[in-house]
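Colleague: return atomic coordinates for the entry below.
(chains A and B)
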Amino acid sequence: MGDWMTVTDSGLSSENKNISQYTSETKMSPSSLYSQQVLCSSIPLSKNVHSFFSAFCTEENIEQSISYLDQELTTFGFPSLYEESKGKETKRELNIVAVLNCMNELLVLQRKNLLAQENVETQNLKLGSDMDHLQNCYAKLKEQLENSRREMIGLQERDRQLQCKNRNLHQLLKNEKDEVQKLQNIIASRATQYNHDMKRKEREYNKLKERLHQLVMNKKDKKIAMEVLNYVGRADGKRGSWRTGKTEARNEDEMYKILLNDYEYRQKQILMENAELKKVLQQMKKEMISLLSPQKQKPRERADDSTGTVISDVEEDAGELSRESMWDLSCETVREQLTNSIRKQWRILKSHVEKLDNQVSKVHLEGFSDEDVISRQDHEQETEKLELEIQHCKEMIKTQQQLLQQLATACDDDTTSLLRDCYLLEEKERLKEEWSLFKEQKKNFEKERRSFTEAAIRLGLERKAFEEERASWLKQQFLNMTTFDHQNSENVKLFSAFSGSSDRDNPTVHSRPRQKKPHSVSDGSPVCTSKLARSLPASPSTSDFCKTRSCVSEHSSSVSALNVTPEETRPSQAGRECADQKWSMASRPGSQEGCHSGCSLPYTNSHVEKDDLP
Amino acid sequence: MNFSEVFKLSSLLCKFSPDGKYLASCVQYRLVVRDANTLQIVQLYTCLDQIQHIEWSADSLFILCALYKRGLVQVWSLEQPEWHCKIDEGSAGLVASCWSPDGRHILNTTEFHLRITVWSLCTKSVSYIKYPKACQQGLAFTRDGRYLALAERRDCRDYVSIFVCSDWQLLRHFDTDTQDLAGIEWAPNGCVLAAWDSCLEYKVLLYSLDGRLLSTYCAYEWSLGIKSVAWSPSSQFLAVGSYDGKVRILNHVTWKMITEFGHPATINNPKIVVYKEAEKSPPLGLGRLAFPPPRAVTGPLSSPESKYEIAEVPVSLQTLKPAADRANPRIGVGALAFSPDNYFLATRNDNLPNAVWVWDVQKLRLFAVLEQLSAVRAFQWDPRQPRLAICTGGSKVYLWSPAGCVSVQVPGEGDFQVLSLCWHLSGDSLALLGKDHFCLCFLETEEGVSTAFGQRGDHT
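Modeller: The predicted structure is shown next:
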C-alpha cells in the first residue's frame, strides 16, 4: 500500500516528465488516468507526441489552448471562457472572470475529488482488513469443517466396526444357540440311549441273576442251612398260624383298622384345633363387643354412620352368644355368621383405632397450642393487673415524694428548718419505712408473677404429656385387646372408669370391675390408687389428687364406710380448691378431671366396702 | 461328666441293647456283652471269623453277628449262653443281615441282591423274597413292627411290597413312579411311606399303608436331587435334604412344603447364636520347652483344649470347594435329625463340613450354628431331651443344648479319636467309638447338668 502511494506521488510530481512510465504502469491513480485521458482525447497518438507534450501551452498556441480548454470546459458543462460576442466575425475575448471562476470551480472539484479519493482509500483499507478477517474466518471454518469431516469419518468407521462386531456376535449367539440346541438334543438322545442301554443291561443283569439264582439255589446247596440248638418260642408266646385266606382277610382288616385309627386320631386333633380356634374367635368377638359398645354410644362418635348398625349388631350378637351350643355345630351358616360378625367388628375396631391415631396426632398438633393460648390469656390478664397495681404504687410514691420536697423547699428559715428537721426526719423515717414496704410489696408481686408464669408453663407441658400418654395408653389398650387376656380386659374397664368426661354419667359401669376383683378390695383402696398414680405421670395435679385420695380414704375408713356418699367427700375437695385457687385457675380441666376421678373412686370404695361388711 | 476306662473295639461295632441293660461290642471275632452301668463283662461269645455287623433283637434276648466274608450269621442268646444258632447262606453269599421286629426272624440279603431269605428261629421254615432292589435304603419296618416295606426292581420298574411281619404275607404290591428308587422310610406312626428317587431326580412320593399314592413332591428339575430324608418323631413333618444345600419341610396334612431352610456360608442374622470352636492355647511353661522336643507326647497334651466362643455376626463359615466333575460330590444336606421332642432339627451341609445347624421347628427358623475346628463326623440327639452330641474325629466330644454348648476332652492315654457315638436309651450315658477303642461317657443327672452347661444365660 505504501509503495503504491509513493508511486502515485512520484507520478504526480514527474507527471510532465515521464509519461511513458505511466502508460506502462498497470496500477494508476485516478488523477493520472484522468490527465492521460485528456491527453489521449485531444491529440492523436503519433511519434512526435512526446515532444509536443513537453509543454501544453506555449507562446504560439495560446489561442489554441484557450479554445481547446474552452471547448473542453463547455463539454464538461462549465461556462465558456469567452465573452459573449456580438458578431461572428469579431474575435471572441477571453473572459478572465469566467476563467477564474472555472479555475476555482476546478480547484474545488479537485479538492472534493481528493477528499473522495481519501475516503475511498480508507474504505478500501477497511474493506481490505475486513477481507483479511473474512479470509481468516474462512480458513478457520474450513479447517473446522475438515476436522468434523474427519471426525465423522472416524465415527462412521467405528459405527461400521461395531456393526460388524454386532453382526459377528449375533452370528456367535446364533451359533451358540444352535450349539445349545444341538447339545440338548445330544443330551436327550444320550439320555434315551442311556436309559435304553440301562434297560438292556438291567434285563441282561436280571437274566444273569435269574440264571445265578437257578444255579445257586437249585443245586440243593447243602451249605445253605441253619444250625440251631433248639427252636425258641415266639416272642408273643403264640404259635405260628397257617397261611389261609382267613389270615389274609384278617391282615387286611388290621391294616384298615390301623389306617382308620390314624385318620380318627387326626380328625380328633383337627376338631380340637378347630374348637380352640372357635373359642378364640368367640372370645375375640366378645371382647370386641364389650370394648366397642360403650364407646360407640358416646356422643363423640356420632360422626360414625355405622353406629346404629353396630348397636343392633351388638344386640344380635348378644342373642347369639346365649346359644353358644350352636358353635359346636360346624354348620356353614354358623361359620359364616361368626366370620362375618368378626370381620365387621374388626373393621369397626380398625376404624376406631385409626380415629384414635388421628386424635393423637391432632392432640400433638393442636392440643398443645390450644391449651397454651388459654393459659397465656390468663397469664396476660394477671400480669396486666399486677402492672396496674405497680403503676398505682409508683404514682403514690411519686406524689408523696413531691409533697416531701415541697415541704422541704417551703421553709427556708434555719431555725424553723432545724425545728422542722426533726419532724421531717421523723416523717422521712416513716416514709422510708413505707417505701421499703412498698418495695417489698412490689418484690412480692414480681415473685408471684414469676411463679405464676412458671406454673402456667409447667401446667401446659404437663397437660400435653398427660394427653399424649393417655392417647398412647388408649391405643396400647386397644392393641392389647387382641391377646385375649382377662387381665387386659379388666385393665380396659379400669381405664374407662377414669378416662373421658363422657364416662361420668354412668358410674355403675366403672365400679363393676372393682367389684369383680375382691382381693384388691380387701386391703382397701390404696391398691387402686397406687395403680392409678403409676399409670399417670407424676404431675402436681395428680399428686394433689393422690393426697386428697389418701385423705378421702382415711376419712372413709374412719367413718367405716357407712354410706359414704360422694357429697360427703365433696367438702374436702372444695376446701382443696379454695386452698389453692391459683391451681384451679390455671389448670381447670385437669383439676376437674382429678376431682371427677377423686369422686368416682371413693364412691366405688364405698360400694366395695359395703359388700365386704357382713 | 465322667468317663469310663477305654475298652478295645473293632469295626466300630458297639451297641446298647434296646432295653438299655447291656452293651455289646466286638473285638475281632469275639463278642463282648457288658452291663451298661457297671461295665462288667456279662457274656463273651466267640465267632468263627471277624465280625462285620452286630444287631440286638428287639427284646434284647439275642444278638446277631454277621460275618459277610464267610456268608455266615451267628446268633447268640443272652439268657442261655450255651444256645447258639448258625445260618449259612452258602454260595449265595451275604451282604446284609437284620432282625425282624419280633426278634424271631432274621432277614438275610444275598449277594447281587438275588433274594432275601427270612429265617425263623421258632420253626424250621424259610421264606424267600425275590427281586429286592439294591439301593441305599430298600428295607423299612414300621415302628410298631407290624409291617415291612421293601423296594423291589423287576422289569426295569420300581415296586414297593408291603409285608405283614407276623406271617410274611404280602399285603400290598404297587409300582412307584420313579426312575430309580433310592430309599423308602415309614412315618413313625406307620401309616405313611415316603419313597424318594435317586439323586438324578428330585422326587418324593408319599404312599398310604394301603398303597394309595397320597402325594408327590418335586422341588426342582434338572439338577441333583435328594440326599437325605428324615421324618419328625410326631410324623408331622418330613424333612428332605437335597444337593442344592436346602432342607425342605413337608407337612402331613397337605404334603406341601411349609418352609425351606437354606444353609448359607455367611450368617448375617444377629438373632442367631453362632458357636465357634476355638483352640485354647495352653500356657507355655518354660519347663515344657525342652530341646529336642520329646518324641512321644503324652496323651492329653497332644491336642490342645478347645472351647466355644460366641461369634459376632456376620460369620462366614468354612466352605469346601466340591469337585464338580466327580461322582457323589460333597455338597448338599447329607445328614438330618429331628430331636426326640420335635422341637429341633439338626442338619449338616456337606460343603460346609465343619458346621452343624440347629433349626427351631416350632418357629421354623434357624436357632443356632456350631462351627467346629474340623469336619463333623456324626451327630445324634439324646433320646430323652433336646441335647445333641457331636463328634469330629478328634479327641473331643461336643454337646449342644438350647442352654449352651460345651466341648469335652476325652481323657485317656494315646490319641483317642471319636469317630462315632451312640446314646444310651436313658440319655445318661454316651458311648464314644474310636478306631480301636471305645469308652463310655456318663453325663450328670438333671441337677448336675445346669452346672455342666456353665454357659447358660450367656447368650439368652
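
Colleague: residue contacts, the residue of the stretch 251-400 of chain A found nearest chain B?
Modeller: In the stretch 251-400 of chain A, the residue that lies nearest chain B is residue A:262 (4.3 Å; C-beta to the nearest C-beta). Backbone N, C-alpha and C define where each C-beta goes, glycine included. Residue A:262 sits next to B:189, B:191 when contact means C-beta atoms under 8 Å, 6 or more residues apart in numbering or on different chains.

Colleague: how near is residue B:351 to residue B:245?
Modeller: Here the criterion is C-beta to C-beta, to the nearest Å. By it, residue B:351 lies 7 Å from residue B:245.

Colleague: now do residue A:128
Modeller: To residue B:245, residue A:128 is 88 Å away according to C-beta to C-beta.

Colleague: element containing residue A:98?
Modeller: Using DSSP states H and E, residue A:98 sits within helix A:96-217.

Colleague: which stretches of chain A aren't confidently modelled?
Modeller: A:1-54, A:84-92, A:218-223, A:235-244, A:294-333, A:365-375, A:410-423, A:481-614 (pLDDT under 70).

Colleague: checking the most centrally placed residue in chain B next. Helix, strand or coil?
Modeller: Centroid check for chain B by C-alpha atoms, centre = their mean gives residue B:380 as the closest residue, at 6.7 Å. Of the three states, residue B:380 takes strand under DSSP: H, G, I helix; E, B strand; the rest coil.

Colleague: just to revisit the earlier point, neighbouring strands for the helix or strand that the helix holding residue A:98 is followed by, and are they parallel or not?
Modeller: Tracing the chain past helix A:96-217, the next element assigned as helix or strand by DSSP H and E is strand A:225-228. If you go by DSSP bridges, strand A:225-228 pairs up with strand B:84-88 (antiparallel).

Colleague: only the buried residues of the partner strand, if you could.
Modeller: Within strand B:84-88, the residues scored as buried using 16 or more other C-beta atoms under 10 Å in any protein chain shown are B:85, B:86, B:87, B:88.

Colleague: ok, now stretch B:138-146?
Modeller: By 16+ other C-beta under 10 Å, the buried positions in stretch B:138-146 come out as B:138, B:139, B:140, B:141, B:142, B:145, B:146.

Colleague: surely residue B:311 touches residue B:272?
Modeller: No - if you go by C-beta atoms under 8 Å, residue B:311 and residue B:272 don't touch, sitting 10.0 Å apart.

Colleague: can you tell me which residues contact the residue of the stretch 351-460 of chain B found nearest chain A?
Modeller: Residue nearest to chain A within the stretch 351-460 of chain B (C-beta to the nearest C-beta): residue B:362, separated by 15.4 Å. By C-beta under 8 Å, 6+ apart, the contact list for residue B:362 reads residue B:343.

Colleague: what's the burial count for residue B:347?
Modeller: 25 (other C-beta atoms under 10 Å in any protein chain shown).

Colleague: sorry, slip of the keys, the one I care about is residue B:255.
Modeller: Per other C-beta under 10 Å, the neighbour tally for residue B:255 reads 17.

Colleague: so how far is residue A:96 from it?
Modeller: Using C-beta to C-beta, one obtains 144 Å as the distance from residue B:255 to residue A:96.

Colleague: which parts of chain B are helices?
Modeller: B:299-302, B:446-452 (DSSP state H).

Colleague: just the stretch 301-450 of chain A next, same as before
Modeller: In the stretch 301-450 of chain A, the segments counted as helices under DSSP state H, counting those that start in this stretch are A:307-322, A:332-362, A:368-410, A:414-480.

Colleague: in the second one, what's buried?
Modeller: Going back to what we said before, that points to helix A:332-362. Residues A:334, A:337, A:338, A:341, A:344, A:345, A:348, A:349, A:352, A:356, A:359, A:360 are the ones in helix A:332-362 that count as buried (16+ other C-beta under 10 Å).
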